[in-house]
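Any chance you can model this:
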Amino acid sequence: MKIWQKNIDVNKDIETFTVGKDRELDLEMAAFDVLGSLAHVEMLESIGLLTADELVQIQKELKNIYAEIEAGDFVIEDSVEDVHSQVEWLLTQRIGEAGKKIHSGRSRNDQVLVDLKLFFRDRIEEMVDHTQTLFQQLQTLSEAHKDKLLPGYTHLQIAMPSSFGLWFGAYAESLVDDMELMLAAYKVCNKNPLGSAAGYGSSFPLNRTMTTELLGFDTLNYNVVYAQMGRGKTERVLAQAMSSIAATLAKMAMDVCLFINQNFAFITFPDELTTGSSIMPHKKNPDVFELIRSRCNKIQALPNEIAMMTTNLPSGYHRDLQLLKENLFPAITSLNECLSIATYMLQNITVKDDILSDKKYAYLFSVEVVNDLALKGVPFREAYKIVGETIENGSFEPQTQVNHTHEGSIGNLCTAEIKGMMDQILAQFKFEQTKEAIQKLLA
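Purely as a prediction, here's the structure:
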């Protein structure tokens, strides 16, 4: 029987349609459902809704269920609707009447809200770790190849000299801003909705501050109506942060696909990291980066998907919100996979030397010649005209010595400063604080 069911059997077709993929996706939240229950029952005992003996019984069995989940031995049975029902049913089967009391003072609405917040908080840590690893790899490559020049493009036309130091470093700094957005998403996720019940609070004297501390949340979603309104909004904010990381990866992947092309030939990867053609034996295809590009473009659509699923919903809970998991959960997995494989590929990249010695890149240095004339006292517009005329009449002589010294340029990458910005952001995530709270809850 469902935890909400009374004395009427639900039509099987209706049940199948409404449950959807909940059992499959809820398995990812199972451990967090138990954690939420551990905090909730400790609070219930503190306000007299459970006896001390009942609390000990419940805590012991919840921890056993948690261990089963961690060991991969937990399943949501076909006769059970979701993870919340499965945990409560197991508890009741094993310890009896005490198990029936754990739902006091909460609804499935705030139960799934707290599960999601804990789940997102955990997955954010994973995404941050992967992003930090990629960031470090990009910074290492930026410093290692800072003296190797490559063409810079505007409008996909040869423009000005760039360098691999700049190219790798640009994507490293892009990840810094992406982490700013992820930090904002983390702060939204790190607020406790438990105790908001169905979205209108409870007549039980719940201690919501206590569960906030037990679960390692930074603060509460105070207003119980807003706590429920956070469903959908939290997912959208997280999706926006993920979309930002995905945009960085997709752009970098496109650059790689161009740069590995034989007409560019700026970079290569070992044969075993590329794929071939069924009829063209010379092919070395960058399939990994093509898939990163497409996967990350899908992730960039995620905020809009979530917005379309939640736009114009009135306040309160609606079953539409259940479907958000189907879009968001696989996207989290996909982004983590893209971050991980991108780092691995870049650990095996080879950068070509002396790219700009090719005569077709001679005009890259036109600005250098203009600037040199300006430094000698020729007005910039006059210098621009002089150099333009030499290009038109074929007498242009490139000045291939690049002398860029300002902050963030070829000769001054500011790698340490960029790392400092990233470190400052990462220090604001409270991963250790939340881990300590969870470990204490499970002790």
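
When you work out contacts or count neighbours from here on, use the C-alpha atoms and nothing else.
Will do.

Pull the number of nearby residues for the nearest residue to residue 300 once chain neighbours are set aside.
Residue nearest to residue 300 in three dimensions, not counting chain neighbours: residue 243, with 4.4 Å by CA to CA, 6 or more residues apart in numbering. Neighbourhood size, residue 243 [other CA atoms under 10 Å]: 25.

in which helix or strand would I find residue 243?
helix 224-259 (DSSP states H and E).

Show me what that helix is packed against.
helix 108-144, helix 164-189, helix 287-300, helix 302-310, helix 324-346 (3 or more CA pairs under 8 Å, 6 or more residues apart in numbering; DSSP states H and E).

Just the angle for the second one relative to helix 108-144, thanks.
Think helix 164-189. Counting by axes from the mean of the first three to the mean of the last three CA atoms, to 10 degrees, helix 164-189 lies at 160 degrees to helix 108-144.

got the contact list for whichever helix or strand comes after helix 164-189?
Next in sequence after helix 164-189, counting helices and strands by DSSP H and E, comes strand 191-192. Strand 191-192 has contacts (CA atoms under 8 Å, 6 or more residues apart in numbering) with 114, 117, 211-212, 217-221.

Restricted to buried residues, select the residues you listed in ChimeraX.
This is how ChimeraX selects the buried members of the contacts of strand 191-192, with burial counted by 16 or more other CA atoms under 10 Å:
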select :114,117,211,212,217,218,219,220,221
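
if we take the contacts of strand 191-192, which one ends up nearest to residue 374?
residue 218 (56.5 Å; CA to CA).

tell me the SS of residue 160?
strand (DSSP: H, G, I helix; E, B strand; the rest coil).

Return the per-residue confidence for it.
Residue 160 is assigned 92 on the pLDDT scale.

ok, now how distant is it from residue 145?
Residue 160 sits 18 Å away from residue 145, going by CA to CA, to the nearest Å.

Please apply the same query to residue 286.
21 Å.

Then residue 101?
63 Å.

So which bits of the helix holding residue 243 are buried?
224-232, 234-253, 256-259.

quick one, it and helix 164-189 angle?
160 degrees.

And the next helix or strand past helix 224-259?
strand 267-268.

just checking, what packs against that following strand?
Using 3+ CA pairs under 8 Å, 6+ apart: strand 267-268 touches strand 350-351.

Listing partners with orientation, what would you give for the strand it packs on?
strand 267-268 (antiparallel) (DSSP bridges).

Report the rounded mean pLDDT for the strand it pairs with.
On average, strand 267-268 scores 95.

Filter the contacts of strand 191-192 down to the ones in helices?
114, 117, 211-212 (DSSP state H).

Identify, from the residues you listed, the entry nearest to residue 399.
Looking across the ones in helices among the contacts of strand 191-192 and measuring by CA to CA, the closest to residue 399 is residue 117, at 57.6 Å.

Return the residues in contact with that closest one.
189-192.

Okay, residue 377 and residue 403: tell me how far apart.
From residue 377 to residue 403 the distance is 18 Å (CA to CA).

Residue 348 contacts residue 272, correct?
No. Between residue 348 and residue 272 there is no contact, the gap being 10.5 Å when judged by CA atoms under 8 Å.

Distance of the residue lying closest to residue 62 once chain neighbours are set aside relative to residue 345?
The shortest distance from residue 62 to any non-neighbouring residue, by CA to CA, 6+ apart, is to residue 34 (6.3 Å). Taking CA to CA as the measure, residue 34 and residue 345 are separated by 38 Å.

before we move on, what about residue 315?
Counting by CA to CA, the gap from residue 315 to residue 345 is 46 Å.

ok, these two, which is more surrounded?
residue 345 (15 against 12).

Tell me the predicted confidence for the more buried one.
So residue 345 comes in at 97 (pLDDT).

so who does it touch?
Per CA under 8 Å, 6+ apart, neighbours of residue 345: 269, 273.

Identify each buried residue in the host helix or strand of residue 67, please.
Assigned by DSSP H and E, residue 67 belongs to helix 52-70. For helix 52-70, a neighbour-count test (16+ other CA under 10 Å) marks 54-55, 57-59, 61-63, 65-66, 69 as buried.

Ramachandran angles for residue 154?
Per-residue torsions, residue 154: phi -130, psi 140 (degrees, to the nearest 10).

cool, and the one 3 residues further on?
Torsion angles at residue 157 (phi, psi; degrees, to the nearest 10) stand at phi -110, psi 150.

before we move on, the earlier item: out of the contacts of residue 117, who's nearest residue 90?
Closest to residue 90, out of all of those and judged by CA to CA, is residue 192, at 25.6 Å.

now the closest one, which residues is it bridged with?
Going by DSSP bridges, residue 192 forms beta bridges with residue 220.

ok, residue 405 touching residue 414?
No. The criterion here is CA under 8 Å, and residue 405 misses it with residue 414 at 10.6 Å.

who has more neighbours, these two?
Comparing residue 405 with residue 414 by other CA under 10 Å, the one with more neighbours is residue 414, at 16 against 11.

For the more buried one, which residues are in contact?
Per CA under 8 Å, 6+ apart, neighbours of residue 414: 407-408.

59 is where my numbering starts, stick with that
Sounds good: first residue 59 from here, last item residue 472.

State the distance from it to residue 145.
In terms of CA to CA, residue 472 sits 52 Å off from residue 145.

May I have stretch 81-99 exported as PDB, CA atoms only?
The C-alpha trace of stretch 81-99 is given here as PDB (Å, rounded to 0.1, in the frame of the first residue of the first chain):
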ATOM      1  CA  ARG A  81      11.700   4.000  -8.600                       C
ATOM      2  CA  GLU A  82      14.800   4.000 -10.900                       C
ATOM      3  CA  LEU A  83      15.700   7.600 -10.200                       C
ATOM      4  CA  ASP A  84      14.900   7.500  -6.500                       C
ATOM      5  CA  LEU A  85      17.600   4.900  -6.000                       C
ATOM      6  CA  GLU A  86      20.100   7.700  -6.400                       C
ATOM      7  CA  MET A  87      18.500   9.500  -3.500                       C
ATOM      8  CA  ALA A  88      18.000   6.500  -1.200                       C
ATOM      9  CA  ALA A  89      21.000   7.300   1.100                       C
ATOM     10  CA  PHE A  90      19.900  10.900   1.500                       C
ATOM     11  CA  ASP A  91      16.300   9.800   2.300                       C
ATOM     12  CA  VAL A  92      17.700   7.800   5.200                       C
ATOM     13  CA  LEU A  93      19.800  10.800   6.400                       C
ATOM     14  CA  GLY A  94      16.800  13.100   6.300                       C
ATOM     15  CA  SER A  95      14.900  10.500   8.400                       C
ATOM     16  CA  LEU A  96      17.700  10.200  10.900                       C
ATOM     17  CA  ALA A  97      17.600  13.900  11.500                       C
ATOM     18  CA  HIS A  98      13.800  14.000  11.600                       C
ATOM     19  CA  VAL A  99      13.400  11.300  14.200                       C
END
